[in-house]
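# build me a model:
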Amino acid sequence: MNRLKELREEAMLTVRELSERSGVSEDTITKIENGHRKGRSMTLRKLARALGTEPNQLFPENFERTIEAEESALEVLPQGALLGLAAGRKELLKLGFQDAGTWQATRSLLDKTLSSVAVESGLAYRSIVKRLSEKQRDVLSAVAQGSSLSASEVAERVGCNVSTACHDLAVLDEHGLVSSDESGQSEPTALGRAVAHALNRGELYFDEAMDHIATLVKAYEWVARVDTQRVAEKDALSLFMHQESIVELVRDIAAAAKPSPLARQAWENLAASGRKR
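Residues are numbered from 1 along each chain as shown. Prediction:
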């Protein structure tokens, strides 16, 4: 039996009563109990509070996944701040890894630098973006641009019918990208705003990619100079893992980079002139 349904019945509550206690719609509760929908962490918290239990007692695996994604977004983008990342990264480089002191301080500096580069390059949320359809991306962008929107308002903005908007909003809610209240109004979460920003940033061109890679090369050079014989075993392992993270991010940036429209046009013109000869 579904754990949520089991706890609800143990508390001798109907779906309607649990809805009234928790503020979660009856439809959402029914879909979660039937396995047609996975509750995001905020929804699970509300239901758990109403049932007098802990959120991870409902769906431990799903709760840990969604809360990890939300906390990761808040860590990378404190309070949803998306501006000033480039300036922040330059400030980190200005400070210089050699001035970081202990490996713990250096690790913190590396984490901030990697997060900054990942967000600036648009790669931080690539795995999430890949799971969304084009229409769902449009819906997320529409919600991120407004303070709070109903399904009908979303449908009007993206040019679809209300039932499609409701379905896409439900999918975005499951991914932890939007939050919907009992009145049906939806607003973006911190993670949702970050993903919407990544969607709207445009393509990553060679010049910007090389700037990011130069930053990562500097970080790697410093890590490579750390004497692993003088740090604890767990710190040495962490150091190697950071090296791998830097190399993987460099590979991802290089793979995602594209020539600028001007460069592409120049190549096309050159190719065209070659065909005419």
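
# ok, residues contacting stretch 130-142?
By C-beta atoms under 8 Å, 6 or more residues apart in numbering, the residues outside stretch 130-142 that reach it are 129, 149, 154, 157-158, 160, 164-165, 168-169, 171-172, 175, 177-178, 188, 192, 195-196, 199-200. Bear in mind the C-beta positions are built from the backbone N, C-alpha and C, glycine included.

# give the buried residues for the helix or strand where Ile128 lies.
Ile128 belongs to helix 126-130 when assigned by DSSP states H and E. Of all the residues in helix 126-130, those buried under the rule 16 or more other C-beta atoms under 10 Å are Ile128, Val129.

# quick one: distance of the very next helix or strand once past that helix to the chain centre.
Downstream of helix 126-130, the next assigned helix or strand under DSSP H and E is helix 134-145. Distance of helix 134-145 from its chain centroid, counting by C-alpha atoms, centre = their mean, to the nearest Å, is 14 Å.

# what's the following helix or strand after helix 134-145?
Going down the chain from helix 134-145, the next helix or strand is helix 151-158, by DSSP H and E.

# could you double-check that Ala224 lies in contact with Phe240?
No. With contacts counted by C-beta atoms under 8 Å, Ala224 stays clear of Phe240, the gap being 10.7 Å.

# tell me the SS of Ser179?
Using DSSP: H, G, I helix; E, B strand; the rest coil, the structure places Ser179 in strand.

# could you do Glu187 as well?
Under three-state DSSP, the three-state class of Glu187 is strand.

# tell me the bridge partners for it.
Counting by DSSP bridges, Glu187 is bridged to Ser179.

# where's it relative to Glu174, distance?
Noted for Glu187: a distance of 16 Å to Glu174, by C-beta to C-beta, to the nearest Å.

# what's the answer for Arg49, then?
With C-beta to C-beta as the criterion, Arg49 and Glu174 are 20 Å apart.

# settle it for me: which of these two has more neighbours?
Glu174 (17 against 14; other C-beta atoms under 10 Å).

# wait, isn't the more buried one in contact with Ile32?
No. Glu174 is beyond contact range of Ile32, at 10.0 Å (criterion: C-beta under 8 Å).

# can you list the low-confidence ranges for the stretch 151-277 of the chain?
Along the stretch 151-277 of the chain, segments meeting pLDDT under 70 span 274-277.

# buried sites along stretch 215-235?
Thr215, Leu216, Ala219, Tyr220, Trp222, Val223, Val226, Val231, Asp235.

# find the nearest non-adjacent residue to Leu172, please.
Closest residue to Leu172 apart from its sequence neighbours, by C-beta to C-beta, 6 or more residues apart in numbering: Val178 at 4.4 Å.

# how many neighbouring residues does the one you found have?
Residues lying near Val178 (other C-beta under 10 Å) number 27.

# quickly note the distance from the closest residue to Ser22 other than its chain neighbours to Ser238.
Nearest non-adjacent residue to Ser22, counting by C-beta to C-beta, 6+ apart: Ala50, 3.8 Å away. Distance, Ala50 to Ser238, using C-beta to C-beta: 41 Å.

# these two: which has the busier surroundings?
The neighbour comparison of Ala50 against Ser238 (other C-beta under 10 Å) goes to Ala50, with 21 against 16.

# which helices and strands sit right next to the helix or strand encompassing that one?
Using DSSP H and E, Ala50 sits in helix 41-51. Here helix 41-51 touches helix 3-10, helix 15-22, helix 26-33, helix 60-76, going by 3 or more C-beta pairs under 8 Å, 6 or more residues apart in numbering; DSSP states H and E.

# worst mean pLDDT among these?
Note on these: helix 60-76 shows the lowest mean pLDDT, a mean of 43.

# buried stuff in the longest helix seen in the chain?
Selection of the longest helix in the chain by residue count, based on DSSP state H, yields helix 233-256. Neighbour counts over helix 233-256 (16+ other C-beta under 10 Å) mark Asp235, Ala236, Ser238, Leu239, His242, Gln243, Ser245, Ile246, Leu249, Val250, Ile253 as buried.

# thanks again, I'm all set now.
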